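Visitor: dropping a prediction and its sequence here:
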Amino acid sequence: MAERQPTDALGEDNSALLDQYIDCAKKFIDLSKKLGHIKGANKLQRMCKSELKYLQSLRKIPTQLCGNHLKSSNLSHFAGCLHTAYNAPGVVQILCPFSMDGRTENLVVDVVANQGHTWVKVIARKAQALHLIWAGRGQFGERDLVRQARDYLRCAVHHPVNFQKPKIHFAFYNQVTIPMAACLEKLGVSVSGDRIPVDEGTANQINMACLSSDEDSEDETCPDKNISGNDDSDVNQDDFSLHTESERRFKGDRFSSEPSADLNCDITSSTSSLSKNDPLFSDLDLLGSLISCLPRFDCLSHCTKGNDSKKVNLDITTLITLVSSVTHDGCHFEFSEKILAQQAAEEREEPVLPKLKKFLQGKTMLVCKTALEDFQSILDTLGGQKEKERAKELLSQVTVVNDDPSERTVEMPYSLKIKERSKVIFGTGDKLQAVTVTANSSFVRAAQHQGVAYAVYLHPSRALTEEKEKSAVPLVSSE
């Protein structure tokens, strides 16, 4: 028996459309695979595979397939995430969770760009629907984007990158109303995507809500008589003379429709039209049904990328690397110890000091007392004569500071990779707003899992090897 073809309630055959959705999901899986070098890309790939599985299951449902089955698809949001990941500058993570006070669940940022300095939220819902939710006409439990923006801004304060809070950017893939975009920019959120007026149908729904509330209280007035957003007057956010939630939000959050010059992407170039020639979404006839525009991210390239601190905090691992014999032409030995042999081979292939010294050049070098004492103890036990001489010269160029870890470091719980010594060293640099230079990547990762991201410069690890050279086998020069 032939397989039953899905049709909607009006008898229209939706099987061809379903095939397009399935092909689109497969394309998105392939695109997410190519982002495998970015953290979180595998999570996006799994979500696309789950969506594909759902769509394929629709072929087997005994009941008729209506358009609502396909409208519930997440492909439009995935399209936005992929487009952002491929086009935003300096993308380092996708679907990244961040802890936030007052929330039991993490806040998930769709794309982290600019080497961590910009959080991008992808919005694929229709502009008029978003505007209705903002005006308090959404379904129960739906949170409008302005409230979500405030969550992002509050969360960013607790997750600084190089001692600066990340910038927040909202990318709209199905347009945004002019007053909503202006309100977001007033809060400090940059916006890209086609900007459109509030349409007549949306305005009528909001006005009807105002009339309904007027029946209950003749003293209350409509929150915005010119709901289309063409009024350029600026409403004071503290002026809350209205009582209902929707009216309060509209009176308090509606601002001038004029863009904020310091935050806004250039409206004339903030989007590109959908085109079959788009290299990312080529051969996707369904694309126009999922998203209406492709936001551009030109403005993100101008975002500040940290405070360019001139202070550096040297970890024990860095002090050892700077004086080690293996980094001073002592890599031409075959050591019996496996770890030393590996480090020597790596050093022959790519020396550590050139890049490390270039980073340190012109910066004030700080060392906390714990790092200094432990380094001196290791040097006295394992160091050779020349290594000790280099250490003496190095320490004459550094500034010793008291142990004084930051509050967030002190509060971080101990674990197998989060020990007291590391907390003191990294925490002191954190409080002094100095970039910690280290080879201790395991502590950095463990701290990130606890929601603490330190400003660090990572380099390969090196050990003290001068004394070990006595039992090592010199390598014969190939020259």
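Guide: Cool, got the structure. Please read all numbers here as calculations on a predicted model, not as lab measurements.
Visitor: show me the longest helix that occurs in the chain.
Guide: Identified as the longest helix of the chain according to DSSP state H is helix 15-33.
Visitor: helices or strands up against the following helix or strand past that one?
Guide: Going down the chain from helix 15-33, the next helix or strand is helix 41-57, by DSSP states H and E. Applying 3 or more C-beta pairs under 8 Å, 6 or more residues apart in numbering; DSSP states H and E, we find helix 41-57 packed against helix 15-33, helix 75-87, strand 93-98. Heads up, the C-betas are built off the backbone N, CA and C, glycines and all.
Visitor: most packed of these?
Guide: helix 75-87 (a mean of 23; mean count of other C-beta atoms under 10 Å).
Visitor: tilt between it and helix 41-57?
Guide: 150 degrees (axes from the mean of the first three to the mean of the last three C-alpha atoms, to 10 degrees).
Visitor: need the contact partners of helix 75-87.
Guide: For helix 75-87, contacts defined as C-beta atoms under 8 Å, 6 or more residues apart in numbering pick out 21, 24-25, 28, 31-32, 35, 38, 41, 44, 47-48, 51, 91, 94-95, 110-111, 113, 120, 122-124, 171, 173-174, 280-281, 286-287, 290-291, 294-297.
Visitor: go on, stretch 107-115?
Guide: Contacts for stretch 107-115 (C-beta under 8 Å, 6+ apart): 80-81, 84-85, 88-100, 118-122, 151-152, 155, 161, 166-167, 169, 297, 300, 303, 305.
Visitor: 6 Å instead?
Guide: For stretch 107-115, the external contacting residues (C-beta atoms under 6 Å, 6 or more residues apart in numbering) are 81, 84-85, 88-98, 100, 119-122, 155, 300, 303.
Visitor: which positions within it qualify as buried?
Guide: Going by neighbour count (16 or more other C-beta atoms under 10 Å), the buried part of stretch 107-115 is 107, 109-114.
Visitor: next step: those restricted to helices.
Guide: Going by DSSP H, the helices hold none of these.
Visitor: any chance of those residues in a markdown table, with pLDDT and distance to Cys368 too?
Guide: Shown next, in a markdown table, are the buried residues of stretch 107-115 (pLDDT from 0 to 100; distance: C-beta to C-beta, whole Å):
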| residue | pLDDT | distance to Cys368 |
| --- | --- | --- |
| Leu107 | 92 | 33 |
| Val109 | 96 | 32 |
| Asp110 | 97 | 38 |
| Val111 | 97 | 36 |
| Val112 | 96 | 30 |
| Ala113 | 95 | 33 |
| Asn114 | 92 | 30 |
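Visitor: mind checking which of the residues you listed land in strands?
Guide: 107, 109-113 (DSSP state E).
Visitor: got the residues you listed as CSV, with distance to Ser72 columns?
Guide: Formatted as CSV, these follow (distance: C-beta to C-beta, whole Å):
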residue, distance to Ser72
Leu107, 24
Val109, 24
Asp110, 19
Val111, 23
Val112, 28
Ala113, 29
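Visitor: contacts only, for Cys24.
Guide: 75, 284, 286.
Visitor: closest one of these to Asn402?
Guide: Lowest distance from Asn402 to those (C-beta to C-beta) belongs to Leu75, with 55.7 Å.
Visitor: distance of that closest one from Met208?
Guide: In this view, Leu75 and Met208 are 33 Å apart by C-beta to C-beta, to the nearest Å.
Visitor: any idea how many residues pack against the residue nearest to Leu475 when sequence neighbours are not counted?
Guide: Spatially, and ignoring its direct neighbours in sequence, Leu475 is nearest to His332 (4.7 Å; C-beta to C-beta, 6 or more residues apart in numbering). His332 is flanked by 15 other residues according to other C-beta atoms under 10 Å.
Visitor: roughly how far does His332 sit from Met412?
Guide: Taken as C-beta to C-beta, the span from His332 to Met412 is 42 Å.
Visitor: now swap in Gln164 and tell me
Guide: Using C-beta to C-beta, Gln164 is found at 21 Å from Met412.
Visitor: only C-alpha atoms, please: export the helix or strand where Arg445 lies in CSV.
Guide: Here Arg445, judged by DSSP H and E, is contained in helix 441-449. Output of helix 441-449 as CSV, limited to C-alpha atoms (Å, rounded to 0.1, in the frame of the first residue of the first chain):
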residue,chain,number,x,y,z
SER,A,441,45.2,25.8,31.6
SER,A,442,43.5,23.2,33.7
PHE,A,443,42.8,25.7,36.5
VAL,A,444,41.5,28.2,33.9
ARG,A,445,39.0,25.7,32.5
ALA,A,446,37.9,24.5,36.0
ALA,A,447,37.3,28.1,37.0
GLN,A,448,35.2,28.7,33.8
HIS,A,449,33.1,25.7,34.8
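Visitor: off-centre distance for it?
Guide: Relative to its chain's centre, helix 441-449 lies at 17 Å (C-alpha atoms, centre = their mean, to the nearest Å).
Visitor: just the buried residues of that helix, please?
Guide: 443-444, 446-447.
Visitor: could you identify the most distant pair in those?
Guide: Val444 and Ala446 (7.4 Å).
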